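Visitor: My questions are about this predicted structure, shown below with the sequence.
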Amino acid sequence: MENKVNYNPSFAEEVFRNVDSGEEIKMCMNCGVCAGSCPLSLQMDYPPRQVFALIRAGKRETVLNSNAIMLCTSCYTCVVKCPRNIPVMDVMHGLAHYSLRQGFVPRKDTAAFGREFWNQVYKLGRIDEKDLPRRVFFAGGFMEGVKKTLSFMDIGLRLLLHRRMKLLPERKIKGIRSLRKMLDRADKMGKGGAVT
Amino acid sequence: MKYFLYWGCSLEGSGANFLVSIKPVCKALDMEFEEIEDWNCCGASVSYAGANDLAIKVLNARNLAIAEAKADYDIVAPCSSCYIQMVKVNHEIQEDPALLKEVNECLAQGGLNYKGGIKVRHIQDVLYNDIGVDRIRDRVVNSLNGLKIAGYVGCQSVRPYGEYDSVNKPVVQDHLIEALGAEAVPFPNKIRCCGSGIFLPEMEYCMELVKNILEDAINHGAELISTVCPMCAMNLEVYQDRINEKYGTDFDIPIVYLTQLMAVAFGMDLKKDAALHYNVIPPEGILKAAIG
């Protein structure tokens, strides 16, 4: 009889090995409570339940390109609701991290935002709230940057006028060098790197 | 009572009205704060784009380790993202001692070590459980006289652990609102997400979330919405005219931090202490009318 399900465990094994919290999907019974509770599931090509099923079916490209893995608002509703206690949010974050490292870009703007966020943490130890959007806006090139900056001028100005923008540039924390050493070590020790 | 106050990056910028109001309000309630020396960002919700899970844990463990070495006060984190990031580290190392070993191997690169003994608490938790509604009520000189307030809890200040409040039906913020003499209106969206840290890059999708929250609060009679999170405050307040443009609505409802309301009710200066002029949608009129 023909095997219509086409399970292919190789990608699932890759996920278990390399993705933070990846092994948690072993517990998934595909009930769909995560999808039902997710604030953005209607915008997702494949809600979390389907992402997990696709991992089991070996659909590597589909999963790592799925917008779902980068549309997580980190609201923890799925984590609270999952009847199998899967930290669904952590799995999605792990998949997004792995996807970007493998050269996929599931959501362009959120990827640029998240990467720049982490760059600032690594460079300064803190976030410079006015510098972050500027860098993100210009991530897609100069013209796009000018356009996006202009479209957000009203918001920036409003915050500035209401004293909700720190005027001085954010300075590095004193222990920035030692913080970077700690983070470098974690980067080597933790998951999410090259395919093994 | 003494605490560490970890206010984080946002409260120095877009959430400045939260920090400005926290300080005098907590002082009036005999809380003393110490800053965590040379603290770093918590990584918030989107750092996974650049960092693996261990790096984000180490980032938070650095703050915890610095505080733990200094004193055994609890850490108060008013920003719900800072709060949940640190609480999460504590929970996970408790469940998995091997993780604490890994974290410490990384911290050792900077001469730090974390034993895992420091408690992290949200500001709602300390106000409710350490100070208590009775003491807060006693301090009120300008009752908010039945002003209808929707207490927007959001996500990360209670989920997923429910350390001090129910994850499904949170009540703490409502009790605090009522201690100020206001009326806390129930609204089902109080625990629905506003889009949090990805609101800016995913605005087209997230505006609908905020629209639903505002609509629900107003339909339940709210004249004002209170929050305890700088991301909630920003997303609910600053984009109202864009939402109006997109959905043909006419939202113009003030979004005020709980501690700003407390400052007003405690009879403090509306600018210096309550920082009401920091709000983009002015709440002065409604609040002045309420206190009479």
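Guide: Received the coordinates, thanks.

Visitor: nearest spatial neighbour of B:Thr259, skipping sequence neighbours?
Guide: B:Ser21 (4.1 Å; Cβ to Cβ, 6 or more residues apart in numbering or on different chains). Every residue, glycine included, has its C-beta placed from N, CA and C.

Visitor: For the stretch 1-150 of chain B, what lies in contact range of chain A?
Guide: Along the stretch 1-150 of chain B, the residues adjacent to chain A under the rule Cβ under 8 Å from any Cβ of the partner chain are B:9-10, B:12-17, B:38-41, B:43-55, B:57-59, B:62, B:84, B:102, B:105-107, B:109-112.

Visitor: Filter those down to the buried ones.
Guide: The neighbour-count test (16 or more other Cβ atoms under 10 Å in any protein chain shown) applied to the residues of the stretch 1-150 of chain B next to chain A identifies B:9-10, B:12-17, B:39-41, B:43-55, B:57-59, B:62, B:84, B:102, B:106-107, B:109-110, B:112 as buried.

Visitor: quick check: longest helix of chain A.
Guide: helix A:108-124 (DSSP state H).

Visitor: What is the subsequent helix or strand relative to that helix?
Guide: Sequence order places helix A:131-137 as the next helix or strand after helix A:108-124, per DSSP states H and E.

Visitor: In that following helix, which residues are buried?
Guide: Within helix A:131-137, the residues that qualify as buried by neighbour count (16+ other Cβ under 10 Å) are A:132-137.

Visitor: How about residues contacting the helix or strand that comes right after that helix?
Guide: On the C-terminal side of helix A:131-137, the nearest following helix or strand under DSSP H and E is helix A:142-151. Residues outside helix A:142-151 that contact it (Cβ atoms under 8 Å, 6 or more residues apart in numbering or on different chains): A:134, A:137-140.

Visitor: swap in stretch A:54-63?
Guide: Judged by Cβ under 8 Å, 6+ apart, the contacts made with stretch A:54-63 from elsewhere in the structure are A:5-12, A:14-15, A:25, A:46, A:51, A:66, A:69, A:95, A:99.

Visitor: Among those residues, which lie within helices?
Guide: Under the assignment DSSP H, the contacts of stretch A:54-63 contribute A:9-12, A:14-15, A:51, A:95, A:99 to helices.

Visitor: So is the lowest-mean-pLDDT helix or strand in chain A next to chain B?
Guide: Lowest mean confidence among the helices and strands of chain A (mean pLDDT, DSSP states H and E): helix A:131-137, at a mean of 87. Yes: for helix A:131-137, a contact with chain B is found by Cβ under 8 Å from any Cβ, at A:133, A:136.

Visitor: circling back to that earlier point, need the buried ones from the contacts of stretch A:54-63 selected in PyMOL.
Guide: In PyMOL, selecting the buried portion of these, with burial taken from 16+ other Cβ under 10 Å, looks like this:
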select buried, chain A and resi 11+12+14+15+25+46+51+66+69+95+99
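
Visitor: just checking, B:Gly13 touches A:Leu167?
Guide: No: between B:Gly13 and A:Leu167 no contact is recorded; they are 9.5 Å apart, counting by Cβ atoms under 8 Å.

Visitor: and the helix or strand where the residue nearest to B:Thr259 lies, how far out from the chain's middle?
Guide: Taking DSSP H and E as the definition, one finds B:Ser21 inside helix B:16-28. A distance of 12 Å separates the centroid of the chain from that of helix B:16-28, by Cα atoms, centre = their mean, to the nearest Å.

Visitor: same for it, what does it pack against?
Guide: Of the remaining helices and strands, those touching helix B:16-28 by 3 or more Cβ pairs under 8 Å, 6 or more residues apart in numbering or on different chains; DSSP states H and E are helix B:230-237, strand B:255-257, helix B:258-265.

Visitor: Could you export those as a markdown table, including mean neighbour count?
Guide: A markdown table is the format used below for those (neighbours: other Cβ atoms under 10 Å in any protein chain shown):
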| stretch | mean neighbour count |
| --- | --- |
| helix B:230-237 | 27 |
| strand B:255-257 | 28 |
| helix B:258-265 | 28 |
